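>>> I'd like to go over a predicted model; first the sequence, then the structure.
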Amino acid sequence: MARVVSVTKKGQATIPKDLRERYGVGDKVLVVETEEGILFKPLPMPRDEYGSLKELFPGKTAREILEEAREKDKVREEQLSRGERD
C-alpha cells in the first residue's frame with residue numbers, strides 16, 4: 001500500500017492515523033535510509049516494553065528505585081567476589 005502525504009516547509013510529514021494506530025507509532029520513529037528511499041519504523045514505547053515504574057513500584061520515586069537497584073548490585077558483586085553463589 002502506498003500513500004501520498006504532504007511535507008511542510010519545516011520537513012514535517014503527518015503519518016495517517018490508521019497507519020499510526022495499526023503499527024503502534026508513538027512520539028518517535030526510526031528513520032532508515034535504504035537503497036529504495038526512506039523507511040520509517042515505529043519505536044516501541046518504553047512503557048510498552050518495560051511497564052510503568054509507578055505500577056511496578058507504587059509509592060517510590062525513580063531515584064529510590066535506582067538507589068535500591070544499585071545497592072542490590074553492590075551486594076551481589078561483593079558476594080561474587082567472595083565466591084558465593086545463589
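Structure's in. What do you need? Residues are numbered from 1 along each chain as shown.

>>> hey, let's count contacts and neighbours off CA atoms from now on
OK.

>>> measure residue 60 to residue 83 for me?
33 Å (CA to CA, to the nearest Å).

>>> burial measure for the residue lying closest to residue 25 once chain neighbours are set aside, as a count.
Closest residue to residue 25 apart from its sequence neighbours, by CA to CA, 6 or more residues apart in numbering: residue 42 at 5.0 Å. For residue 42, the neighbour count with other CA atoms under 10 Å is 16.

>>> got it, and residue 3?
By the criterion of other CA under 10 Å, residue 3 has 6 neighbours.

>>> now do the domain split for this structure, please.
Following automatic domain parsing, the chain resolves into domains at 1-47, 52-81.

>>> mind listing the residues bridging to the residue nearest to residue 25?
Beta-bridge partners for residue 42, by DSSP bridges, are residue 29.

>>> am I right that residue 25 is in contact with residue 18?
No: counting by CA atoms under 8 Å, residue 18 is not a contact partner of residue 25; they are 10.2 Å apart.

>>> have a look at these two and say which one is more surrounded.
residue 25 (18 against 9).

>>> distance check, the more buried one against residue 66.
Counting by CA to CA, the gap from residue 25 to residue 66 is 29 Å.

>>> what are the ranges of the helices in this protein?
Using DSSP state H, the helices assigned to the chain run over residues 17-23, 46-50, 53-56, 62-81.

>>> roughly how far is stretch 1-20 from the heart of the chain?
Mean-position distance between stretch 1-20 and its chain equals 23 Å (CA atoms, centre = their mean, to the nearest Å).

>>> and for it, what's in contact with it?
Here stretch 1-20 makes contact (CA atoms under 8 Å, 6 or more residues apart in numbering) with 25-26.

>>> could you work out the end-to-end span of it for me?
Chord length of stretch 1-20, first to last residue, is 14 Å (CA to CA).

>>> please apply the same query to stretch 56-67.
Start-to-end, stretch 56-67 (CA to CA) is 15 Å.

>>> who are the contact partners of the nearest residue to residue 32 once chain neighbours are set aside?
Using CA to CA, 6+ apart and skipping residues adjacent in sequence, the residue nearest residue 32 is residue 39, 5.0 Å away. Contacts for residue 39 (CA under 8 Å, 6+ apart) come out as 31-33.

>>> if anything else comes up later, I'll come back, but that's it for now.
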